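Trainee: Curious how this folds, go ahead:
(one chain, ligands or ions: 2)
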Amino acid sequence: MDLLIKNICCIGAGYVGGPTMAVIANKCPDIEVNVVDINQERIELWNSFDLERLPVYEPGLDKIIEKCRGRNLNFSNDISHKIASADMIFISVNTPTKKKGLGAGQASDLKWVEASTRQVAKYAKGHTIVVEKSTLPVKTAKVIQNILKSDQKSAEKNQRRFDVLSNPEFLSEGNAIKDLEFPDRVLIGGESENAINALSNIYKRWVPNKKILHTNIWSSELAKLTANAFLAQRISSINSISALCEKTGAEINEVSKAIGTDTRIGNKFLSAGPGFGGSCFKKDILNLVYLYEYYGLNDAADYWNSILKINDWQKKRISNYVIDKLNGTVSGKKITILGFSFKSNTNDTRESPAIDICLNLLEEGAILSIHDPKVNENQIRNELKERNFNLEQNWSFDLNIYKNINESHAILIMTEWEDYQNLDWQKIEKLMLKPSWIFDTRIIADYSQIKKTNINFWRVGKINNKENQSFI
Ligand code: NAD
Ligand code: UGA
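Mentor: Residues are numbered from 1 along each chain as shown. Ligands and ions are numbered 1, 2, ... in the order given. Presented below is the predicted three-dimensional model:
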C-alpha cells in the first residue's frame, strides 16, 4: 500500500523552498506544509502582512501565499518540532561554491546540507522520507544516508527509518510559479519504491504521470548539474556569436531565429546578453569541473570551464566597449545603470552580470546612478561590499528612472525589465550630457524611437550603431 503523506517540512525558506512549498500547499490542501529556516528575518518577511515585503519576488507568488498561509502553509523557525511531525522532509538549503579549504572555488559547500541533515537525524520520528531538493554533487545522497544511519542506535530505539530521494528543482526565477505548476518534468531518483511512489503521488495531483520521471539516485543528481551546464553552454555559445556579429554585420537576433527554427537546436535560450548570472549556473558548472578533475577527466573539465571563461569575457568586453566609446575614460562621468537583478521579474542579484560590469566601471572612476524596480539599495551595497568596493560616494540608487538619467553621459541597460522597453527617448535626450550614449545589452530599448534622437547607441550582437551606419 502506498505511504500517505500528511505532513511535509521543508528546511530552507529561500528562492526554491518558499515558492515550491507554496505550490505544493496550494495543490494539496489536505497536506500540512511547514517551511522552516534558521534565518529569523527571512521567516518574519514570509509572514509579513504586507505581501509586497515577501523575501522572494515572483509573479503570482503573493496570491498563493495569501490563500494558503495560515491554512496549510506555515513559515517558522521552529525547526525541531516541524521536523519531528513530518512524514517527508525536503532539504532546500543553499549550496554555494566553497570559499576555503579542499575544493575551494569549485566544489559545492555542503555545510548547510550536512547541518540540516543532522537536525533531521536528531529530531525525526518514525518513518521519514528525506528529499534532496537542493542542487548537489553526485553521490551526496550517500553522505546524507551516512549521517542519518550514524544515529542508528537511537533510530532503532525509537523505531525510526529513513529513505533518501533526489528530487532536483528545475524552476527558473521570475517564472517559478509557472514552472512549478506546469513543469517540463519532475525528476525523482531513489531506491525505495514506496518512497518514490509517495513523492510521485504528491506531484500527480497536478502533473501528468508521463512527466514524472523515475531514475536511479545518481542519475537524478547528475541530471540536474547537466541541465544547468547545457543551458549555460547555450548562452555562452550565442554570446560568443554576438561578438562576431558586431564585427561582420550579421544580426544576432536573425542568427538566433535562423538556427532556432531547426527543431534539433530549438529556439529557447538563444538570447545574447551581458552574460549569464544567477546563483546556480556558475556554481553548478564549477561543481561539474571539480567532479571531472576529481576523477582525472581533465580535458572534459577544461571544456566546461570554457563556458565560464566566455561568460567572463562577454562581461569584460562590454565594459571595455563602454569605456572605449566614452573616449577611453569614464573617470568622473555619470553613467546610469538600468537594472541590477540578474534577469527580469526577480529581486535576486546573485552573480548578476550587472555586478561585474558596474565594478569594472567603478574601478575606472565612473559615477554610477543605479535603478532597479525590485532590487533595493542595500542589496546593491552588499554585493559591492562583498567584492571590497566601499566608495559609497561613487554610486547612488534612485527609483525614478529619469532622475537617474539626468546629466548622465551614458545609459547601460543591464536587465530586460519591461520598464525599460518604452522609455521616452525625446525626454531622455534633453536630460543627458552630449555626446550621449545608450548601451543596450538586452536589445530591448525602443530602437525606432532612439533613432529619432541624436543619442549614440550600441546593442549587443548588432552593427547598426550610428557610428557604423556607413557600413550598412
Ligand atoms: P537561498 O539561499 O535563497 O535559500 C536557502 C535557505 O536555506 C536560506 O534562507 C538559509 O537561511 C536556509 N538554511 C541554510 N541552512 C539551514 C539550516 N541548517 N536549517 C534551516 N535553514 C537553513 O537558496 P535557493 O536559491 O533557495 O537555493 C537552494 C538550493 O536550490 C540550492 O542548492 C540551489 O542550487 C538550488 N536551486 C536553486 C534555484 C533558484 O532558482 N534559486 C533553482 C533550482 C535549484
Ligand atoms: C536556471 C535554470 O533555467 C533553471 O532551470 C534552474 O532550475 C535554475 O537555473 C537553478 O538551478 O538555479 P535561473 O538562473 O533562475 O534558472 O534563470 P534563467 O532563466 O536560466 O537565466 C539565467 C541567466 O541566463 C540570466 O542571467 C539570464 O538573463 C541569462 N539568459 C537566459 C541569457 O542571457 N539568454 C537566454 O537566452 C536565457
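Trainee: Any regions of this protein where pLDDT drops low?
Mentor: 1, 151-158, 464-472 (pLDDT under 70).
Trainee: Secondary structure element holding Ala229?
Mentor: Using DSSP states H and E, Ala229 falls within helix 217-248.
Trainee: near ligand 2 at all, whichever helix or strand comes after that helix?
Mentor: With elements assigned by DSSP H and E, the helix or strand that comes after helix 217-248 is helix 252-260. No: no part of helix 252-260 sits near ligand 2 under the criterion C-beta under 6 Å from any ligand atom; the closest distance found is 8.3 Å. (Glycine included, C-beta is placed from N, CA and C.)
Trainee: Around ligand 1, pick out the residues from the stretch 51-200 of the chain.
Mentor: So the stretch 51-200 of the chain meets ligand 1 at 79, 92-95, 112, 115-116, 134-135, 169, 171, 173 (C-beta under 6 Å from any ligand atom).
Trainee: Show me what the helix holding Ala229 is packed up against.
Mentor: Packing contacts for helix 217-248, counted by 3 or more C-beta pairs under 8 Å, 6 or more residues apart in numbering; DSSP states H and E, involve helix 140-150, strand 161-166, strand 186-189, helix 252-260, helix 281-294, helix 298-325.
Trainee: Including mean neighbour count and distance to Ile43, could those go into TSV?
Mentor: Output for those, formatted as TSV (neighbours: other C-beta atoms under 10 Å; distance: least, C-beta to C-beta, whole Å):
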stretch	mean neighbour count	distance to Ile43
helix 140-150	17	24
strand 161-166	22	26
strand 186-189	22	27
helix 252-260	16	42
helix 281-294	22	25
helix 298-325	17	34
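Trainee: To Thr349, which of these lies closest?
Mentor: The closest of the helices and strands packed on helix 217-248 to Thr349 is helix 281-294. By C-beta to C-beta, the value is 13.7 Å.
Trainee: Let me know the angle separating the closest one from helix 298-325.
Mentor: When axes from the mean of the first three to the mean of the last three C-alpha atoms, to 10 degrees is applied, the directions of helix 281-294 and helix 298-325 differ by 150 degrees.
Trainee: what's next to helix 281-294, contact-wise?
Mentor: 95-97, 103, 105-108, 135, 137-138, 224-226, 228-229, 231-232, 235, 276, 298, 300-301, 304-305, 307-308, 311, 351 (C-beta atoms under 8 Å, 6 or more residues apart in numbering).
Trainee: can you tell me which residues contact the residue lying closest to Glu429 once chain neighbours are set aside?
Mentor: Among residues not flanking Glu429 along the chain, Thr453 sits closest, at 4.2 Å (C-beta to C-beta, 6 or more residues apart in numbering). Taking C-beta under 8 Å, 6+ apart as the contact definition, Thr453 lies against 425-426, 428-429.
Trainee: and the residue in the chain positioned nearest to ligand 1, backbone torsions?
Mentor: In the chain, the residue found nearest to ligand 1 is Gly14; the distance is 1.9 Å by C-beta to the nearest ligand atom. The phi/psi pair for Gly14 (degrees, to the nearest 10) reads phi -100, psi -150.
Trainee: Would you mind naming what in the stretch 251-400 of the chain lies close to ligand 1?
Mentor: Residues of the stretch 251-400 of the chain that fall close to ligand 1, judged by C-beta under 6 Å from any ligand atom: 279-280.
Trainee: circling back to that earlier point, give the ChimeraX command for selecting the buried subset of the contacts of helix 281-294.
Mentor: In ChimeraX, a selection of the buried entries from the contacts of helix 281-294 looks like this (16 or more other C-beta atoms under 10 Å):
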select :95,97,103,106,107,108,135,137,138,224,225,228,229,231,232,235,276,301,304,305,307,308,311,351
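Trainee: Which parts of stretch 397-414 count as buried, going by neighbours?
Mentor: Quick answer for stretch 397-414 (16+ other C-beta under 10 Å): 397, 401, 404-406, 408-414.
Trainee: same check, this time on stretch 423-433
Mentor: 423, 425, 428-429, 431-432.
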